[in-house]
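Asker: Starting from these lines, generate the structure:
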Amino acid sequence: MAREFTIATYNVNSIRSRLHIVMPWIEKTRVDVLCLQETKVKDEDFPIEVFKDAGYNVVFKGQKAYNGVAIASRHEIEKTFYGFDDLENSPEDEARLIRCMIQGVVVVNAYVPQGRSIDNPAFQYKLRWCQRIKELFERNYMPQTPLVWCGDLNIAPQPEDVYAPEELEGHVCYNSMVRKAFYDVMGLGFTDLFRRFNPGPGHYTFFDYRVPNGIKRHMGWRIDHVLATEEMAGLATGSYIDMETRLADKPSDHAVLAASFLIV
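Answerer: Have a look, this model is predicted:
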């Protein structure tokens, strides 16, 4: 008998500063899996008991004051790996990438480097990071694997994913090089679930704190994604951005993005 299975992603910009949003949201939605990025906390200080009290298992890897990823689930979490299985793997990679198995579905939670500026070495690191995750998928998973890849990927793939595409062209999150990097990985067989159910402009997951009245002026970016392999995409029933999480008191600069599936 099929049942709904929902996976969400949320860049919290400090988990301890955003618990007042995260915990009521998961208690209200009873989301099956929540992928978190930019938790900004050392492992020993992660609020694991808060999640356990809400009925969620959680795995995480963090660093003090920056980076950090976590996956919370109402179900058992199995086969957890941190970072890349390559010779370049570093503690920073491990605080940006978690993959595990939940209810027979591979869940990959990524916080892709932002890149700083096009002429900064950090941008080349970002492009290499995208290549490495493609190689990780190729090494470990078949195209038919039930897999969902989500997170803050710091890439807006199409003109409708930014509020002013002509003006913003050349930004580290919106340029021809990152678009190519994104679609190189997508070419392995991923479907952009939000776009499958929500075509057209005006749908954004990120609104910069520094832009005055950015939400009211619709000055946003769609840089958070839930991407699925063919098998999971075939089970998808919908995807949405929950803007209430961005409009809440003391919010992150990101909103929650979720996708639902019917699985057996």
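
Asker: ok, which stretches of this structure are helices?
Answerer: 15-29, 48-53, 91-94, 121-140, 165-168, 176-186, 193-197, 230-233, 244-247 (DSSP state H).

Asker: Now the fifth one: buried residues?
Answerer: Which is helix 165-168. residue 168 (16 or more other C-beta atoms under 10 Å). (Each C-beta comes from the backbone N, C-alpha and C, glycine too.)

Asker: mean confidence score for it?
Answerer: Confidence for helix 165-168, expressed as mean pLDDT, is 97.

Asker: quick one: contacts of it?
Answerer: 159, 162, 174 (C-beta atoms under 8 Å, 6 or more residues apart in numbering).

Asker: could you pull out the strands for the stretch 1-150 of the chain?
Answerer: 3-11, 33-37, 57-63, 66-73, 78-82, 97-102, 105-111, 147-152 (DSSP state E, counting those that start in this stretch).

Asker: Pull the fourth one out as CSV, backbone CA atoms only.
Answerer: Read it as strand 66-73. Only the C-alpha atoms of strand 66-73 are listed here, as CSV (Å, rounded to 0.1, in the frame of the first residue of the first chain):
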residue,chain,number,x,y,z
TYR,A,66,30.3,27.9,9.5
ASN,A,67,29.2,25.1,7.2
GLY,A,68,27.6,22.0,8.8
VAL,A,69,24.9,19.6,7.4
ALA,A,70,22.4,17.3,9.1
ILE,A,71,19.6,14.9,8.1
ALA,A,72,16.7,14.4,10.5
SER,A,73,14.2,11.5,9.9
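
Asker: Partner strands of it and their direction?
Answerer: strand 33-37 (antiparallel), strand 57-63 (antiparallel) (DSSP bridges).

Asker: Touching it from outside, list them.
Answerer: 15, 26, 32-41, 46, 51, 56-62, 77, 92, 95-98, 100, 102, 107, 109-111, 151.

Asker: 7 Å instead, please
Answerer: Residues from elsewhere that reach strand 66-73 (C-beta atoms under 7 Å, 6 or more residues apart in numbering): 32-41, 46, 51, 56-62, 77, 92, 95-98, 100, 102, 107, 109, 111.

Asker: now that strand: mean pLDDT?
Answerer: 97.

Asker: From the contacts of helix 165-168, keep the buried residues only.
Answerer: So, by 16+ other C-beta under 10 Å, the buried ones in the contacts of helix 165-168 are 162, 174.

Asker: one step back: can I get the buried part of the contacts of strand 66-73 as one PyMOL selection?
Answerer: In PyMOL syntax, the buried subset of the contacts of strand 66-73 is picked out as below (16+ other C-beta under 10 Å):
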select buried, resi 32+33+34+35+36+37+38+39+40+41+46+51+56+57+58+59+60+61+62+77+95+96+97+98+100+102+107+109+111
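
Asker: Quick one, grab the pLDDT at the residue most central in space within the chain.
Answerer: Geometric centre of the chain, nearest residue: residue 151, 0.8 Å, by C-alpha atoms, centre = their mean. Per-residue confidence (pLDDT) for residue 151: 98.

Asker: Please name the residues that touch the nearest residue to it once chain neighbours are set aside.
Answerer: Counting by C-beta to C-beta, 6 or more residues apart in numbering, residue 151 lies nearest to residue 110, which is 4.0 Å off, once chain neighbours are set aside. Shown in contact with residue 110 (C-beta under 7 Å, 6+ apart): 96, 97, 133, 149, 151, 153.
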